[in-house]
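J.: Here is a sequence together with a model predicted from it:
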Amino acid sequence: MAIFKKPAIKSQNRKKRDIPHGLFQKCPGCSEVVPEIELAQNQRVCPRCDYHFTQSAKERIGNLLDPESFVEMDADLKSVDTLRFQGMATYKDRLKKYQGSTGLLDAVISGYGILDGYKVAIAVMDFGFLAATMGSVVGERVTRTIEYGTAEGCAVIMNPGQPRLNLDCAIVRNHICSAYYGLVQVFLEAKQYELAKQTKQNAIQNYHCTPDIFQQLLPDAATTASVKP
């Protein structure tokens, strides 16, 4: 039997410190924790192992051009879901999500500025916005940047950042849906009504073509008899 009792040690509930999000970054190259401000001052290169972090479009422009010289062009251009894309998430919802997380309206920033005293036109993709997907607005802003540089007789700087072409973009999907529209027409003219219906369903289900574009050719409620000439 113990003479002395071991006193119970009460653990003090210490409140954990909340570290503000984005204050530090863990380097994938060396696993060191690096202050965000240190990365920003070093052009987002790890000072321990020289690992290159991803730069945003704004950071690239700020690091490249003379201070306070950049003027953005076509900042009010916005993408619209012309074909009303329906997938795991609507194109409109995805745009809204990335607009909120990046502060950008689309995957590119374009404009003009001064580089070592020389005027330049510039367009920089931002991988953080839908992985730098090239939609209609990206194509338009890049085109306008080139046209501006040509008109002003200045150099044009393009930083694509490995952009990818998204099948959601209106241009590509319009071509696909137009091709299916033509196939449906061919099958109807050949009186292959079942093939026409199957082709329409394939276009809608697999390529997210809008049903409305087929409505004149092949209404949803139409029977085989009603679509015959």
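T.: Noted; the coordinates are in hand. Numbers count the residues shown, from 1 in each chain.
J.: so what pLDDT did the residue nearest to I146 when sequence neighbours are not counted get?
T.: Setting aside the residues directly before and after it, I146 is nearest to V156 in space (C-beta to C-beta, 6 or more residues apart in numbering), at 5.6 Å. Quick note: C-beta positions are derived from backbone N, CA and C, even for glycine. For V156, the model assigns a pLDDT of 89.
J.: R144 is in contact with V156, correct?
T.: No: judged on C-beta atoms under 8 Å, V156 makes no contact with R144 at a distance of 11.0 Å.
J.: Now do the strands in the chain.
T.: According to DSSP state E, the chain carries its strands in the segments 24-26, 33-35, 71-72, 108-115, 118-125, 133-134, 155-159, 164-165.
J.: will you turn those into TSV that also has mean neighbour count and distance to C46?
T.: Output for the strands of the chain, formatted as TSV (neighbours: other C-beta atoms under 10 Å; distance: least, C-beta to C-beta, whole Å):
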stretch	mean neighbour count	distance to C46
strand 24-26	14	9
strand 33-35	15	6
strand 71-72	12	30
strand 108-115	22	25
strand 118-125	21	22
strand 133-134	21	28
strand 155-159	16	21
strand 164-165	13	26
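J.: Can you lay out those strands as CSV showing distance to K96?
T.: Formatted as CSV, the strands of the chain follow (distance: least, C-beta to C-beta, whole Å):
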stretch, distance to K96
strand 24-26, 26
strand 33-35, 32
strand 71-72, 21
strand 108-115, 18
strand 118-125, 20
strand 133-134, 15
strand 155-159, 25
strand 164-165, 20
